[in-house]
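*Asks:* Requesting a structural model of the entry that follows:
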Amino acid sequence: MKLRSSVFASFILTLEVIGMALFLRGFFPAPVKSSLRQRASCQTSRGSRVRVVIMLVDALREDFVFGPSGRMFMPYTRHGWKEAPPAASWPRRDHRLSHAQDQGRRRENHWEYRLSNLRVSEGSKEHVPVDGVKDSRQALTTGSIPGFIDVVMNLNSPALLEDNLIWQAKTAGKRIVFYGDDTWVRLFPKHFMEHDGTTSFFVSDYTEEAEGSLPYLLVLCGDHGMSETGSHGGSSEPEVNTPLVLISPAFKRKAGMEKPGVVEQVDLTPTLALGLGLPISQNSVGRVILSVLEETSLRDQLRFLHLNGHQLSCLLRDSTPGYEKEAGFEQFRVAEKAHGTWMKLYLEGNTSEVLSNMGKKVLKQYLEALAAMSSALSKQLGKYDMYSMIAGMVFVFQLLLVLLLAMPEALSGEAVVDIPVLSALLSLPFYLLCLLLASVHVLVCTSTESSCYFCSLSWGLVFAAVAFSSAVFCILISMAARRLPLGPKIHGKSPLRSGGSEWSLSELDVLLLAGTVGHTLSLASSSFVEEEHQIWYFLLNTLCLAVFQDVCRKYFREKRSPGDEEETVLPSKDCHSSDHPKAEIYPEKWLALATPPFTLVCCRLLRSLNQTGVQWAHIPDVGHWLNSSEHRTVLSLLAAFCLVLIYLLVQRRCSWVSKVALALGLVGVYCYRAAVGNVSFPWQRSGQTTSKGTVEARFVYVFILGILFTGTKDLLRSQIITADAKLKSRGLWEIYSGLVLLVSLLLRAHNLPVLCCCLLIQTLMAQFIWKKLHYDAAQTTIMHYWFGQAFFYFQGNSNNIATVDISVGFVGLESYVEAPAIFLTALSTYAGPLLWACHLVCHLSSQRDRDSAYSTGKAMCERLKDSIPRQMFEIAVQAAIGSKVIARETIKAFRKNVLAKCYGGDITRKMKLLKKQAEGKKKMRLIGSVEVPKDAFINVLKRKDK
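*Replies:* Presented below is the predicted three-dimensional model:
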């Protein structure tokens, strides 16, 4: 079955989305939620009207409070420990499931950088730490463990509809006053009686409260820690452990600082709820911190533990099918019965020591039951649906292999893909695979203990998926047998792709496939993700060495056959036909040979420009050296040189209007950098104050829009008005030049060499590697992808959000505007991959037009060769674009056998006759004329294949 490449690509993309959705359905564990539709609103205890203040400090590390340097970093807290009536303190371990760790291990992730305060005043106030990210807020307000899906849900910060501590406090009539990040106002709309929020971009704003009575309870905690380099989100101890300090006169006075204990982050929610007389959130998996309630009576402690246990048992019952078999549920039932017996004796007035010992035993049983149920609920997020994940991965990899095998046909001139569907459906392996996969599905679904999404689907849908997977596998076998010949290669055959329909994998193909697949597999490890740039540096260096090998094989190792030589212009009468190709090949050979080593040198210099990752981010680099004030002159000269070189590299394919706009725009880029103080003009005074550069940036925006408009106009004209390939190519390159100008404005001054090297490598690779070595579209596409990923890290970016330069969002703006700020920040961050992707589109479009022109010219030359009669001398039929010959055919001359009568004698006689004949042919070619018949013109205008 033959399909157009666009239809085939759309079909593959749709099926890839379905496979990824099935994989993600199994990868994201089902959240632990209660089945109750309404939030609990009962009053659990009588809350006295007290003043409670809870403050959350972003990235507050444990050693900042409990470490040796705590006296310097947190003097008020140390003073409170030693002088004031409080203190009970515990470091808190962040709580979130990490897929890179063992099942059941939990930690908290954070995605923004803010300092926020939330205060509750008048009455038994309740408050939540302010974090600025939904997953942290969810853990601290609802007591539930945020999963991976909560990170995606966090992007828009919608209102939190789940039962939470803030809602319970508002329902109980508590007066809540908020100071901090305004995203909390959006997260809890109409919950705060008074609030003063500040935007995320102005993190230095704060509000001071007038002096008054001290709060009855002060809670100080952090949302997460941070490493020595300032990063967070990992699993190291400094990033995971944060302090939790509770100060209140109700706590027992302590002589000195004790070694803090360890509690979970979600334990804070039920502790505050019970202490403030509020119901525990329905989806909370935390357990009450008993040390906070140690001053209360044994009866109240048992009541608090019973309330916490009842809430956890209800949640366990709603989220776990076999909850009755859980050890924690059984222990809670036993403790509950023992608690009832103890209460009966207590109400009877029994004051013996037996009652006290029995109460301590019930307390211990409750604590063990709470720990077991909390652990069981936490591990729910670690129970991945492996069957659905494997099925989704099989679908995705099968479709990727089909796309890979069909790529040569899809990117050819015909743009048609031949898929052997009918032969696959009628083959015996198809039916055997259907039977095998159906048996495996039945076996898995009947033997598994946990629920599986793929098993919950209808049998008809499942067997349709089984039949589809079997058909795709048979299609893969058929396409592989057709595309990959199993016979040995001919000795001396070039590894580059031949012009035939069959093709074989070269060393470069194996490298590109192995590197791409290996990088994909490495993403399963968090340590590889943190240092991903090292993988791309290694792959890029290996790619340059492989390309260097192909260049050496083409120009030095292989012998060029006469049929492989490219035709050039028709030689003149004064020069031999073989002189011109030899004169052209030598500079081309050495330039092609120098391109891979030059690329390696550029990549090594760019690696030293910006240190990135986690392990080496703190090491000083060339960028820090250039940005220092004493080296501003060097940075100014380097920026000016890079802008000039950028103009020379980009302007070659632009119209004269775009060339002028590009030159003025690059001058405006330098003026903008001088206005903001990054570089300096020779006439600029050293003491002159810097400005925002808004006028200069808007000056550059005008030329960017002009270039983009000119390129879009040429592109539309080539598609609608006239089918001009040259106009289309010029339009694409003008759009690319406008994008380059915008990137040069957004990049920092010390990163202009990155853009300069990017354009230089693109020019050299396109001129001497991809074109001369005849790499196909698939190889060129993967190379562009590799270079784009490497240049993403050359800019100084990493997989840590801390490396994102948010100041780019204000270039040319007086104040913060959301849409332009997001666009400019994203464009600046992903400038490297975006430039390489745009260059790939322009390069493939030009290459396709060139290939189409070559095939058309070749066909026309062949038709003229068949239509023009032979003469007494050779006739060269050439097809040329301007002065460049793209195709040639030679009409052989009639030749008399002058050696027919020479049946013997000396060889000099034969040579004399041949020389005399050659001189006559040469003279005849100079004075002869060729008459082209009318049929030749008709055959050419028919434009049909030979």
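*Asks:* where do the strands sit along the protein?
*Replies:* 2-4, 52-57, 88-93, 116-120, 176-181, 194-198, 217-222, 241-247, 263-264, 416-418, 875-881, 884-891 (DSSP state E).
*Asks:* Now those strands in a markdown table, please, with extra columns for distance to Lys923 and mean neighbour count.
*Replies:* No exception for glycine: its C-beta is placed from N, CA and C like everyone else's. Shown next, in a markdown table, are those (distance: least, CB to CB, whole Å; neighbours: other CB atoms under 10 Å):
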| stretch | distance to Lys923 | mean neighbour count |
| --- | --- | --- |
| strand 2-4 | 55 | 14 |
| strand 52-57 | 98 | 23 |
| strand 88-93 | 98 | 22 |
| strand 116-120 | 96 | 23 |
| strand 176-181 | 93 | 24 |
| strand 194-198 | 93 | 16 |
| strand 217-222 | 97 | 23 |
| strand 241-247 | 97 | 24 |
| strand 263-264 | 101 | 22 |
| strand 416-418 | 51 | 18 |
| strand 875-881 | 16 | 16 |
| strand 884-891 | 19 | 17 |
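*Asks:* what comes up buried for stretch 791-809?
*Replies:* Applying a neighbour-count criterion of 16 or more other CB atoms under 10 Å, one finds 791-800, 803, 805-806, 808-809 buried in stretch 791-809.
*Asks:* same deal with stretch 509-528?
*Replies:* Buried residues in stretch 509-528, defined by neighbour count with 16+ other CB under 10 Å: Asp509, Leu511, Leu512, Gly515, Thr516, His519.
*Asks:* distance of the nearest residue to the third one once chain neighbours are set aside from Leu13?
*Replies:* Of all residues beyond its chain neighbours, the one nearest Leu512 is Ile782 (4.5 Å), with distances taken as CB to CB, 6 or more residues apart in numbering. Computed with CB to CB, to the nearest Å, the distance linking Ile782 and Leu13 is 18 Å.
*Asks:* neighbour-wise, which of those two wins?
*Replies:* Each of Ile782 and Leu13 has its neighbours counted (other CB atoms under 10 Å); Ile782 has more, 19 against 11.
*Asks:* ok, that one touching Thr516?
*Replies:* Yes. Counting by CB atoms under 8 Å, Ile782 does reach Thr516; the two are 6.4 Å apart.
*Asks:* what sits against the nearest residue to Pro429 once chain neighbours are set aside?
*Replies:* Spatial nearest neighbour of Pro429, excluding adjacent residues (CB to CB, 6+ apart): Cys474 at 5.7 Å. Residues near Cys474 by CB atoms under 8 Å, 6 or more residues apart in numbering: Ala424, Leu425, Ser427, Pro429, Phe430, Leu433.
*Asks:* now swap in Val285 and tell me
*Replies:* Val32, Gly143, Ser144, Ile145, Val266, Leu312, Leu315, Ser374, Leu377, Ser378.
*Asks:* so how far is Gly26 from the nearest residue to it once chain neighbours are set aside?
*Replies:* Ranked by CB to CB, 6+ apart and with sequence neighbours excluded, the top spatial neighbour of Val285 is Leu377, at 4.3 Å. Applying CB to CB, the value for Leu377 to Gly26 is 20 Å.
*Asks:* With neighbour numbers in mind, choose between those two.
*Replies:* Between Leu377 and Gly26, counted using other CB under 10 Å, the more crowded position is Leu377 (24 against 20).
*Asks:* Could you report the pLDDT at the more buried one?
*Replies:* We have a pLDDT of 83 for Leu377.
*Asks:* Near Lys713, how many residues? Count them for me, please.
*Replies:* 13.
*Asks:* correct me, but it touches Gly731?
*Replies:* Yes. In this structure Lys713 lies within contact range of Gly731 using CB under 8 Å: 7.4 Å.
*Asks:* Can you give me every residue that contacts the residue lying closest to Gly832 once chain neighbours are set aside?
*Replies:* Leaving aside its chain neighbours, Gly832 sits nearest to Phe791 (3.1 Å; criterion: CB to CB, 6+ apart). The contact partners of Phe791, taken as CB under 8 Å, 6+ apart, are Leu606, Val754, Cys758, Ala831, Gly832, Pro833, Leu835, Trp836.
*Asks:* how near is the second one to Ser608?
*Replies:* Think Val754. The spacing between Val754 and Ser608, counted by CB to CB, is 12 Å.
*Asks:* Would you mind pulling the contact partners of stretch 348-355?
*Replies:* Trp342, Leu345, Tyr346.
*Asks:* Of these, grab the buried ones for ChimeraX.
*Replies:* The ChimeraX command for the buried members of the contacts of stretch 348-355 (criterion: 16+ other CB under 10 Å) is given here:
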select :342,346
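*Asks:* quick one: which of the contacts of stretch 348-355 is nearest to Ser658?
*Replies:* Distance ranking of the contacts of stretch 348-355 against Ser658, using CB to CB, places Trp342 first at 87.1 Å.
*Asks:* Now do the same for the closest one: its pLDDT.
*Replies:* 90.
*Asks:* same thing with Val285?
*Replies:* Note on Val285: pLDDT of 85.
*Asks:* With the one 5 residues further on instead?
*Replies:* The score at Leu290 is 82. That number is its pLDDT.
*Asks:* I'd say it and Leu370 touch.
*Replies:* No. Leu290 lies out of contact with Leu370 (CB under 8 Å); the separation is 9.4 Å.
*Asks:* out of these two, which sits in the busier spot?
*Replies:* Higher neighbour count among Leu290 and Leu370: Leu370, with 25 against 19, using other CB under 10 Å.
*Asks:* ok, now which ones touch the residue lying closest to the more buried one once chain neighbours are set aside?
*Replies:* Excluding its sequence neighbours, the residue lying closest to Leu370 (CB to CB, 6+ apart) is Arg287, at 4.1 Å. Applying CB under 8 Å, 6+ apart to Arg287 gives the contacts Glu264, Asp267, Pro270, Asn308, Leu312, Leu367, Leu370, Ala371, Ser374.
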